[in-house]
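A.B. asks: Take a look and give me a structure for this.
(chains A and B)
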Number of protein chains: 2
Amino acid sequence: MAKDKKLVESITSMEVDFPQWYTDIVKKAELIDYSSVKGCMVFKPAGYALWENIQAELDKRFKAVGVQNVYMPMFIPESLLEREKDHVEGFAPEVAWVTQGGLNQLTEKMCVRPTSETLFCDFYARDIQSYRDLPKVYNQWCSVVRWEKETRPFLRSREFLWQEGHTAHATAEEAQERTIQMLNVYADFCEEFLAIPVIKGRKTDKEKFAGAEATYTIEALMHDGKALQSGTSHNFGDGFAKAFDIQYTDKDNTLKYVHQTSWGMTTRLIGAVIMVHGDDSGLVLPPRLAPTQVMIVPVMQKKEGVLEKAFELKEKLGGFRVKVDDSDKSPGWKFSECEMRGIPLRIEIGPKDIEAGNAVLVRRDTREKITVPFDCLEQKVGEVLEAMQKEMLERARAHRDAHTYVATDFEEFKKTVAEKPGFVKAMWCGDQACEDKIKELTTATSRCMPFEQEKLADTCVCCGRPAKAMVYWGKAY
Amino acid sequence: MAKDKKLVESITSMEVDFPQWYTDIVKKAELIDYSSVKGCMVFKPAGYALWENIQAELDKRFKAVGVQNVYMPMFIPESLLEREKDHVEGFAPEVAWVTQGGLNQLTEKMCVRPTSETLFCDFYARDIQSYRDLPKVYNQWCSVVRWEKETRPFLRSREFLWQEGHTAHATAEEAQERTIQMLNVYADFCEEFLAIPVIKGRKTDKEKFAGAEATYTIEALMHDGKALQSGTSHNFGDGFAKAFDIQYTDKDNTLKYVHQTSWGMTTRLIGAVIMVHGDDSGLVLPPRLAPTQVMIVPVMQKKEGVLEKAFELKEKLGGFRVKVDDSDKSPGWKFSECEMRGIPLRIEIGPKDIEAGNAVLVRRDTREKITVPFDCLEQKVGEVLEAMQKEMLERARAHRDAHTYVATDFEEFKKTVAEKPGFVKAMWCGDQACEDKIKELTTATSRCMPFEQEKLADTCVCCGRPAKAMVYWGKAY
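C.D. replies: Presented below is the predicted three-dimensional model:
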């Protein structure tokens, strides 16, 4: 048992030091390793498998709404990056520049893509001629680079994996519809697959994407009460189209500019899963996301018939993602390992269980132990995984709701931000000066103006002038 | 009909100008577009869909032999690239260098990975301590950069997509086994999925990978008689382990170096599919690879019941990848488009067919027309696709065999290479001087020393000294 304890004791408690707890989990659950490349990380098999599952599910949902995958070059020539003024201002300070190719200096330096609007626009300008060529609803899965100073595994790194969708439409209405449609795809994915509830809303102008007319976001609340922007969808209007001269001949034979959108989700979602569902024993994975949904742990596995039974049960559970841990570690060690890795369901099976005709199921989230006759195993496993997926979402929603506060005057606002980690709902006049002041005095930022608006008061929480919108505020990752 | 002709006439015949035929196909079948980034290309939806299918199938085959996916950083610090002497000599002249991050010059420049041996070694040196940590059988899907001067779509570009497997083993035997195992996975994949027959063999030392002890390859023959290296698998012995100090404590408590392999396949496989199977009407896709296996083309689609029937047939064929082309183009135009895009099977369905209770199937490869009663459609489609997959491989093999020659003296060798595009089998003494001479005088290179050796003669085809091995020679892409 000494060994088992060692594995568990090596995690810092989340109540003691949340950031250290987080770092411990990503290391101990073997999700990532640091690399010799500063600010970049190595995705180990357990970490990459999460991304593979996220990717497969999102990709399926994209294709169901008509998205086609493509792949653009990873480099952007400086002159291309500079074409749209707001965009280059936003990104130029944080890109990596390639200046040498082979043994020669490049005549024009190129950055490694921090995002690919400029490449898609350059392509669309050539590829789109007629209204028949519209809409273009393209996406790519790739890695991008942003030269961050402070980095944290999954949450912020110099290179990260993501998908970026880029669309072009004949009308402003269609672009707006697609922007919201993709935000909804993101929100549904987070809730249904990752069991993470999100607030859908619009970013203030201060927080919107460089070059966008409007940015929409989904915001999630982590266990420590900090917000995480989990996906964004931008409506560009015809701003990029004008900068890149993307015009089409419409049915009425006149030239018109296209209207564009872009939308992205990244590997930071893995950080969200950790920080929403994890506990002091390690990771807790929602069943739909989990690469291994069920781990069968044989007890006294050298006794005749135990391993055979374990593998027989695995066969029976062919409709789930099941493994048998037949390594020579002790059962207690294996239990701890299952917990650390967040495997939703553990099945314990030893000689006594076999004699009784039962297996013992243990839920990762509640630790609930359920004794199940072999005959009912398949059905029960299905039910328990379903229930766990549902209850994890409910618990996360309850936690978020319990950590969402209202403030109607500035003293209350400051006190809430200072003392109660979570979202604070408060009215805002629409002036960036108030946003800046709030950030300066509280470090909280505007997360979004939610689609579901409430009238909490008539006046701005900061300046007292007439309010224009209710805003979710919070400290953010 | 004028319109239909235009689409077809715009391809150069492969007999007239094979390179131009190839370029025409990649453009007209909408696989790629050139980009504003020199030497890099845009994968359009039809091109990327091929890569997605290749990736899905290969990944399934990898996982069946115990491969786990990971992801390493895309940058390699100069000092890391330089660690293994042969390796850096091979790659340093053709890498892209990042020298600036954000607004600052980097203190150490980094290249964009041309291949990731050095990153995996750096990671393995930290991650592997004990024999319990072995083997490591990791793979990553990513893009890599090599600063090529001459580029061609899919075949050679500055950035390309690939997978790179990197393994570490306790013994030399196990590393050798894995090297050959993965070569076999590649060969089976090419034959069973892409319908491309390959020659398996070992590269000569001159042609092996920078830093490898031995490189194994699969070589395919294109329609124009040129060879294409289609996948390679390298055994590194303990060379990289010594350069990167990757040691493990064995069961006997002594420190030992690991033995390593790496293996890769790239988007050039798409080029191989085009050049092995294509014809003067466009692409011909093997059914297992084809993103759309069956295109239903309604004839006189405005007549009552035609479109309904077309979509009814689509439903019936739910086990296949089927689309209905209900656009407002003429049927002839749609037929030409199906051919250009290489869709394996076309189903024509018009009022007369509906009255007769039949559909007309047209095979892309043979143009054979088959009239099939609606009742038998599903079964027949399955049979025809199966047959087509099999016969495409057989035809490619027959073509290759018909273009594989034997030469036993140098005059014959030179004449064959000059006059008969294809492989030339000839004996070799094992001396690089002969390889160099052959290349200089004929432009043919050694493709591989095949596993299936034959004794064609006693002496080297070039120098007349005793022969050590039979070699496949050929002009290569």
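
A.B. asks: what stretches of chain A score poorly on pLDDT?
C.D. replies: A:1-9 (pLDDT under 70).

A.B. asks: Identify, by residue count, the longest helix of it.
C.D. replies: helix A:377-402 (DSSP state H).

A.B. asks: ok now that one, how far from the chain's centre?
C.D. replies: 19 Å (CA atoms, centre = their mean, to the nearest Å).

A.B. asks: and what of stretch A:40-59?
C.D. replies: 11 Å.

A.B. asks: Is it in proximity to chain B?
C.D. replies: Yes: Stretch A:40-59 is in contact with chain B by CB under 8 Å from any CB of the partner chain, via A:Cys40, A:Met41, A:Val42, A:Phe43, A:Lys44, A:Pro45, A:Tyr48, A:Ala49, A:Trp51, A:Glu52. To be clear about C-beta, it is placed using only N, CA and C from the backbone, and glycine gets the same treatment.

A.B. asks: Ok, stretch A:166-186 next?
C.D. replies: No: between stretch A:166-186 and chain B, judged by CB under 8 Å from any CB, nothing touches; the nearest distance is 12.0 Å.

A.B. asks: And that stretch, how far out from the chain middle?
C.D. replies: On CA atoms, centre = their mean, the centre of stretch A:166-186 falls 20 Å from the chain's centre.

A.B. asks: Next: stretch A:290-298.
C.D. replies: 24 Å.

A.B. asks: which residues are contacting that stretch?
C.D. replies: A:46, A:49-50, A:52-53, A:287, A:306-307, A:309-310, A:313-314, A:317, A:320-326, A:331, A:334-335, A:338, A:341-350, A:381, A:385 (CB atoms under 8 Å, 6 or more residues apart in numbering or on different chains).

A.B. asks: Are any of the residues you listed buried, and if so which?
C.D. replies: Neighbour-count burial (16 or more other CB atoms under 10 Å in any protein chain shown) applied to the contacts of stretch A:290-298 gives A:46, A:49-50, A:52-53, A:287, A:306-307, A:309-310, A:313-314, A:317, A:320-322, A:324-325, A:331, A:334-335, A:338, A:341-350, A:381, A:385.

A.B. asks: residue ranges for the helices of the stretch 151-300 of chain A, please.
C.D. replies: For the stretch 151-300 of chain A, the helices defined by DSSP state H, counting those that start in this stretch occupy A:172-192, A:239-244, A:268-277.

A.B. asks: what would the ones you listed look like in a markdown table with mean neighbour count and distance to A:Glu148?
C.D. replies: Formatted as a markdown table, the helices of the stretch 151-300 of chain A follow (neighbours: other CB atoms under 10 Å in any protein chain shown; distance: least, CB to CB, whole Å):
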| stretch | mean neighbour count | distance to A:Glu148 |
| --- | --- | --- |
| helix A:172-192 | 19 | 23 |
| helix A:239-244 | 21 | 25 |
| helix A:268-277 | 24 | 12 |
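
A.B. asks: Just give me the residue closest to the centre of chain A.
C.D. replies: A:Leu269 (2.1 Å; CA atoms, centre = their mean).

A.B. asks: Burial check on A:Thr167, number of neighbours?
C.D. replies: 27 (other CB atoms under 10 Å in any protein chain shown).

A.B. asks: who are the neighbours in contact with it?
C.D. replies: Contacts of A:Thr167 by CB under 8 Å, 6+ apart are A:Pro135, A:Lys136, A:Val137, A:Tyr138, A:Ala175, A:Arg178, A:Gln260, A:Thr261, A:Ser262.

A.B. asks: Tell me which of those residues fall in strands.
C.D. replies: A:Lys136, A:Val137, A:Tyr138, A:Gln260, A:Thr261, A:Ser262 (DSSP state E).

A.B. asks: closest to chain B among those residues?
C.D. replies: Minimum distance to chain B across the ones in strands among the contacts of A:Thr167 is 7.2 Å, recorded for A:Tyr138 (CB to the nearest CB).

A.B. asks: Could you double-check that the closest one lies in contact with B:Pro45?
C.D. replies: Yes: with contacts counted by CB atoms under 8 Å, A:Tyr138 reaches B:Pro45, the gap being 7.2 Å.

A.B. asks: Looking at these two, which has the bigger crowd around it?
C.D. replies: Between A:Tyr138 and B:Pro45, A:Tyr138 has the larger neighbour count (other CB under 10 Å), namely 24 against 19.

A.B. asks: circling back: next step: the buried ones among the contacts of stretch A:290-298 restricted to strands.
C.D. replies: Short answer: the buried ones among the contacts of stretch A:290-298 in strands (DSSP E) are A:Val322, A:Val324, A:Leu345, A:Arg346, A:Ile347, A:Glu348, A:Ile349.

A.B. asks: now the third one, nearest residue through space, not along the chain?
C.D. replies: Nearest in space to A:Leu345, with sequence neighbours left out and distances taken as CB to CB, 6 or more residues apart in numbering or on different chains, is A:Val294 at 4.7 Å.

A.B. asks: quick one: common contacting residues for A:Tyr138 and B:Pro45?
C.D. replies: A:Gln68, A:Asn69, A:Val70.

A.B. asks: From chain B, how far off is A:Lys329?
C.D. replies: 10 Å (CB to the nearest CB, to the nearest Å).

A.B. asks: check contacts around A:Arg92.
C.D. replies: One thing to correct before we go on: residue A:92 is Ala, not Arg. Here A:Ala92 is in contact with A:Leu81, A:Glu82 (CB under 8 Å, 6+ apart).

A.B. asks: tell me the domain ranges of chain A?
C.D. replies: Residue ranges for the domains of chain A, per automatic domain parsing: A:13-277, A:294-385, A:404-474.

A.B. asks: what's the closest of these to B:His169?
C.D. replies: Of all these, it is domain A:13-277 that lies closest to B:His169, at 16.9 Å by CB to CB.

A.B. asks: Could you list the residues in contact with stretch A:251-262?
C.D. replies: Under CB under 8 Å, 6+ apart, the answer for stretch A:251-262 is A:115, A:117, A:120-121, A:124, A:128, A:131, A:134, A:164-172, A:174-175, A:178-179, A:182, A:209, A:233-238, A:240-242, A:246-250.

A.B. asks: Just the buried ones among the residues you listed, please.
C.D. replies: Using 16+ other CB under 10 Å, the buried ones in these are A:115, A:117, A:120-121, A:124, A:128, A:134, A:164-170, A:174-175, A:178-179, A:182, A:209, A:233-238, A:240-241, A:246-248.
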